[in-house]
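# can you look at this prediction? I've put the sequence above it.
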Amino acid sequence: MATSCNTHSYDGKLREKWFEIRPMLIEKYLPHCLSFDDTLKDIERWLDRKYFNVKRIGRARRSLRILTTHRRTNFDTRNDIDVEELLPILWNQVKNQADIHDTFYEQLCDITGGSCSQGRSTRLFQFLFLFDLPTETSTNNDEQKNSSEIVKKTDEQNDTSQSIVNENDQKDSAKIEVNVEEQKNPPETETNIDGQTDQSQTETNDNNPVSTKEHSEISQKSTEESSNSTSDKT
């Protein structure tokens, strides 16, 4: 991009870069900064302390009044940059680096010469590149960390799923073994039991001739007694 002193030369051209680094700035830097109103008060005290008798101090104070009273135009609609987000982040860096105080002072004064939304945002936006802000590196590291966590969680889920599958396979195998064993040794039915009982009884009789002989003698004796009884009655 060709450089220009006209802030409108950058209309619409800063948006992509701003949104590339904005999430990181909002997450990592803005929470540690003063609010926008407190930032303006801190800058005013800084001006009174360091630049109270310096040329153009009036313009610097006027720029602060513009930022305070014209709040609606603190948002650059061409680049979607919100000065009320950007200024606290910049001031938190600038105030601790005395070697760039004068440069910041000059840019603050110049806002009065182009106080439109783009005049404010573009002059302040350029200060982002004076600091060693870990923008892309932090973003890449976070992305790699998130990717690693996702991969780790996926692996854990896969391991859990595989364990469940293995457990189910073991249960199915056990059921199959039980069924096969039952087929090899079917349970005894009533018919089989009755047949076995009759066979057992027959075997008992065959194996017990004494009992059979006694039974015959008893039957013969009963027949004789019955005959004698009939003769007596006659």
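Okay, I see it.

# only C-alpha atoms from now on, for both contacts and neighbour counts.
Noted.

# show me the chain divided up by domain.
Using automatic domain parsing, the domain ranges for the chain come out as 10-133, 136-183.

# mean pLDDT and mean neighbour count for the ones you listed - can I get that in JSON lines?
Below are the domains of the chain laid out as JSON lines (pLDDT from 0 to 100; neighbours: other C-alpha atoms under 10 Å):
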{"stretch": "domain 10-133", "mean pLDDT": "90", "mean neighbour count": "16"}
{"stretch": "domain 136-183", "mean pLDDT": "59", "mean neighbour count": "12"}
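
# packing partners of the strand or helix carrying residue 38?
Per DSSP states H and E, residue 38 falls inside helix 36-50. If you count contacts as 3 or more C-alpha pairs under 8 Å, 6 or more residues apart in numbering; DSSP states H and E, helix 36-50 packs onto helix 57-69, helix 83-94.

# adjacent strands (with direction) for the next helix-or-strand element following the first one?
Remark: after helix 57-69, the chain's next helix or strand is strand 75-76, criterion DSSP H and E. Sheet partners assigned to strand 75-76 using DSSP bridges are listed as strand 81-82 (antiparallel).

# show me where this structure has helices.
15-24, 36-50, 57-69, 83-94, 101-110, 117-125, 136-184, 190-206, 209-233 (DSSP state H).

# and residue 50, how far from residue 101?
Note on residue 50: its distance to residue 101, by C-alpha to C-alpha, to the nearest Å, is 10 Å.

# let me fix that, I meant to ask about residue 21.
Applying C-alpha to C-alpha, the value for residue 21 to residue 101 is 24 Å.
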